[in-house]
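Chemist: what's the 3D shape of this:
(chains A and B)
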Amino acid sequence: MLGYIVQRILAAIPVMGFVALFVFLLLRLTPGDPAAIIAGDAATQAQLEIIRERLGLLDPLHVQFFTWIGNLLRGDFGTSIISGTPVLQMIASRLEPTISLALTTIVLSVVIAVPLGVIAAWKQGTLIDRFVMALSVVGFSVPIFVIGYVMIQIFATELRWLPVQGFRSITDGFIPFAERMILPTLTLTLLYIALIARITRTSMLEILGEDYVRTAYAKGLTEKRVLMRHALRNCAVPIVTVIGIGFALIISGVVVTESVFNLPGIGRLTVDAVLARDYPVIQAVILLASLVYVVINLLIDITYVFLDPRIRYS
Amino acid sequence: MSSNLAAHSEESPSRLAQLRAIILGSPIVLIATLLLVAIILAAIFAPFVAPYDPVRLSPGQRLRPPSEVNWLGTDAFGRDLFSRVVYGARISLIVGVGAAVAAVLLGLIVGLAAGFFRTLDAILMRVVDGLMAIPNILLAIAIVALSGASLWTVLVAITIPEVPRVVRLVRSVVLSAREEPYVEAAVAAGSSTWRILTRHLLPNTIAPLIVQGTYICASAILVEAILSFLGAGISPETPTWGNIMAEGRIYFQINPGIIFWPGLVLSITILSINLLGDAVRDALDPRMAKRGIDR
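Modeler: Residues are numbered from 1 along each chain as shown, chains lettered A, B, ... in the order given. Take a look at the predicted model:
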């Protein structure tokens, strides 16, 4: 088992290496002078020189790459071109809204969507099943910012139950924090419920067709017991997988949701950096987001070993 | 995507019959198809459908609610919202179909190579894993931001993150097909690599790729709208659904219709394409959903 875990960790390293290479080449390979792109149209020749100097664009490509990787490994992600602040510091100051949003969304949607998917599969073809399927198709098709503005229109503008936009740190008190997080979380949760409920239903349907489920019924077990003891346990692997896939989706969702609700998180930081062409910030956010994605999927691969003993032998 | 399917079905009457059966098979799919056809026609004949010039400014008629003159009201510059939404369909459909075709073709070539040439596979799959680790919206906005916003860069930015999924799909189809006796027989009989690839392996990938292509089309339309909405898409002067909604953000409290109408049409378009994709998938091969060919 330890061998399997070590093997998974080793497999993740080249993936991250490729991400780093890709992010590095992105700036160098895009047509045009990166310094001119960053500086904008009104830049003077002297300003361009300063930017080239600061980005190390005057060195040969491979020297640039290894200098950059070396800095990254020492925790130096560079400084913002616009504000001059270290990028890691900027990211750290924006973590609270993003992590609150992502975590509450994942927990809430798993709690709602897994039972929904199980019931839909169990009562396949009934009204509940159709409702879950319809919800999942709609959840995939309605853009998240449209859902966000519908939420604002209903709960903030019409009913006046909640504030329209903005963010308060949890250190300023839980109520003002929660008031402003409810709508963004609900918005993102809808999308995530659609994804998880759909996959839970598909894998549950597959498992309900297996021989051991039929055997369990034949033994005379109650429906509830078959579902809980036999079917649901085997569903754990696909559900954990989808949480991993969903993580990439949630990053995209967070970027959009933060823009709609004016949350000063990583998503807003990224969009602002993109609009200002603050390349060190864009680079760092993409790298860190990919790193988190790879690490989460690594953890998920390792969880499989505990959830499904068969995987150890493969 | 329906136009693609239609082109295909001209080859044999049975395909056409199959397509008709899919569309008429359920009332929901029929409605989705009709809505999609209406949106495609509106996009093609936009100058005849739209009552006004989508970029004509009328400062005297800012932020009007829907009326007989302006069916969906006007935006902050007094431009007719209905006309803008009609013209916006053009960009969305071009991006959707363009990204789907490009991603499927690229993914097909790389996937066939990875599935057939085992030495290439290890390298290609690491690249694919790496690309998949980068969240697609982040990747797309970074590409657009660095290469400047134009229809082309937006297309490239949306296509690249979609390719890895196609590669994986094609590769898995090829890997299972090459174990089949008829492929082994072809190898034993001394068929050329090219012939095995095109005659024996390629046909297996067509059905799943049509389905995957519809999903990519829907996803590309969505991502284009998100890029425009975030301000990292096609330049704001071009009426796209995302751009219209982005401009409506500041005036949301005064005229929420600027966001809701394009949002509604956008949602209907994506929903219709997804439903059509599901229907085609179920008709082509009911087992496909279980094999992981899913959105």
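
Chemist: which element is residue 213 on?
Modeler: By default, I'm working from chain A. Secondary structure assigned from DSSP states H and E places A:Val213 in helix A:211-218.

Chemist: Sorry, I should have been clearer: chain B.
Modeler: Going by DSSP H and E, B:Gly213 is in helix B:202-230.

Chemist: Check which helices and strands that helix sits against.
Modeler: helix A:144-151, helix A:232-261, helix B:2-9, helix B:81-116, helix B:136-147, helix B:151-177, helix B:241-248, helix B:257-284 (3 or more C-beta pairs under 8 Å, 6 or more residues apart in numbering or on different chains; DSSP states H and E). For every residue, glycine as well, the C-beta is placed using N, CA and C.

Chemist: Looking at the ones you listed, which one is packed in the most?
Modeler: helix B:241-248 (a mean of 26; mean count of other C-beta atoms under 10 Å in any protein chain shown).

Chemist: and that one with chain A, contact?
Modeler: Yes. Counting by C-beta under 8 Å from any C-beta of the partner chain, chain A is contacted by helix B:241-248 at B:Met245.

Chemist: what helices or strands is that helix leaning on?
Modeler: Against helix B:241-248 (3+ C-beta pairs under 8 Å, 6+ apart) you get helix B:81-116, helix B:202-230, helix B:257-284.

Chemist: Tabulate the helices and strands packed on helix B:202-230 (JSON lines), appending distance to A:Leu25 and mean pLDDT.
Modeler: Formatted as JSON lines, these follow (distance: least, C-beta to C-beta, whole Å; pLDDT from 0 to 100):
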{"stretch": "helix A:144-151", "distance to A:Leu25": "30", "mean pLDDT": "87"}
{"stretch": "helix A:232-261", "distance to A:Leu25": "21", "mean pLDDT": "79"}
{"stretch": "helix B:2-9", "distance to A:Leu25": "33", "mean pLDDT": "44"}
{"stretch": "helix B:81-116", "distance to A:Leu25": "18", "mean pLDDT": "91"}
{"stretch": "helix B:136-147", "distance to A:Leu25": "11", "mean pLDDT": "83"}
{"stretch": "helix B:151-177", "distance to A:Leu25": "13", "mean pLDDT": "90"}
{"stretch": "helix B:241-248", "distance to A:Leu25": "28", "mean pLDDT": "87"}
{"stretch": "helix B:257-284", "distance to A:Leu25": "32", "mean pLDDT": "88"}
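
Chemist: I'd like to know which of those helices is closest to A:Phe306.
Modeler: helix A:232-261 (9.5 Å; C-beta to C-beta).

Chemist: how near is B:Leu30 to chain A?
Modeler: 16 Å (C-beta to the nearest C-beta, to the nearest Å).

Chemist: That residue sits in which helix or strand?
Modeler: Using DSSP H and E, B:Leu30 sits in helix B:27-44.

Chemist: still on that earlier bit, the helix holding B:Gly213 to helix A:144-151, inter-axis angle?
Modeler: Calculated by axes from the mean of the first three to the mean of the last three C-alpha atoms, to 10 degrees, helix B:202-230 forms an angle of 50 degrees with helix A:144-151.

Chemist: Most proximal residue of chain B with respect to chain A?
Modeler: As assessed by C-beta to the nearest C-beta, chain A sits closest to B:Gly130 within chain B, at 3.1 Å.

Chemist: Now do the contacts for that residue.
Modeler: Taking C-beta atoms under 8 Å, 6 or more residues apart in numbering or on different chains, we find B:Gly130 in contact with A:14-19, A:21-22.

Chemist: Chain neighbours aside, what residue packs nearest to it?
Modeler: A:Phe18 (3.1 Å; C-beta to C-beta, 6 or more residues apart in numbering or on different chains).

Chemist: can you list the weak-confidence ranges in the stretch 1-150 of chain A?
Modeler: Low-confidence segments of the stretch 1-150 of chain A, defined by pLDDT under 70: A:30-34, A:37-38, A:40-41, A:55.

Chemist: okay if I get the contacts of B:Gly130 as JSON lines plus secondary structure and neighbour count?
Modeler: Shown next, in JSON lines, are the contacts of B:Gly130 (DSSP: H, G, I helix; E, B strand; the rest coil; neighbours: other C-beta atoms under 10 Å in any protein chain shown):
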{"residue": "A:Pro14", "secondary structure": "helix", "neighbour count": "15"}
{"residue": "A:Val15", "secondary structure": "helix", "neighbour count": "24"}
{"residue": "A:Met16", "secondary structure": "helix", "neighbour count": "18"}
{"residue": "A:Gly17", "secondary structure": "helix", "neighbour count": "13"}
{"residue": "A:Phe18", "secondary structure": "helix", "neighbour count": "20"}
{"residue": "A:Val19", "secondary structure": "helix", "neighbour count": "23"}
{"residue": "A:Leu21", "secondary structure": "helix", "neighbour count": "14"}
{"residue": "A:Phe22", "secondary structure": "helix", "neighbour count": "20"}
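
Chemist: and which of those residues is nearest A:Thr200?
Modeler: Closest to A:Thr200, out of all of the contacts of B:Gly130 and judged by C-beta to C-beta, is A:Val15, at 27.2 Å.

Chemist: Was I right to think the closest one contacts B:Arg126?
Modeler: Yes. With contacts counted by C-beta atoms under 8 Å, A:Val15 reaches B:Arg126, the gap being 6.6 Å.

Chemist: what sits against B:Ile23?
Modeler: B:29-30, B:33, B:279.

Chemist: angle of the host helix or strand of it against helix B:27-44?
Modeler: Assessed by DSSP H and E, B:Ile23 sits inside helix B:13-25. Using the same axes, to 10 degrees, the direction of helix B:13-25 lies 110 degrees away from that of helix B:27-44.

Chemist: tally of neighbours for A:Leu159?
Modeler: Neighbours of A:Leu159 under the rule other C-beta atoms under 10 Å in any protein chain shown: 9.

Chemist: That one and chain B: what is the separation?
Modeler: Applying C-beta to the nearest C-beta to A:Leu159 and chain B gives a distance of 14 Å.

Chemist: for that residue, phi and psi?
Modeler: phi -80, psi -20 (degrees, to the nearest 10).

Chemist: C-alpha coordinates for whichever strand or helix holds A:His62, PDB please?
Modeler: Applying DSSP H and E as the criterion places A:His62 in helix A:61-73. Output of helix A:61-73 as PDB, limited to C-alpha atoms (Å, rounded to 0.1, in the frame of the first residue of the first chain):
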ATOM      1  CA  LEU A  61      15.200  31.000 -22.300                       C
ATOM      2  CA  HIS A  62      16.500  27.900 -20.300                       C
ATOM      3  CA  VAL A  63      18.300  30.200 -17.800                       C
ATOM      4  CA  GLN A  64      15.100  32.100 -17.300                       C
ATOM      5  CA  PHE A  65      13.200  28.900 -16.700                       C
ATOM      6  CA  PHE A  66      15.600  27.400 -14.100                       C
ATOM      7  CA  THR A  67      16.000  30.700 -12.300                       C
ATOM      8  CA  TRP A  68      12.200  31.000 -12.100                       C
ATOM      9  CA  ILE A  69      11.800  27.400 -10.900                       C
ATOM     10  CA  GLY A  70      14.500  27.800  -8.400                       C
ATOM     11  CA  ASN A  71      12.800  30.900  -7.000                       C
ATOM     12  CA  LEU A  72       9.500  29.100  -6.900                       C
ATOM     13  CA  LEU A  73      10.900  26.200  -4.900                       C
END
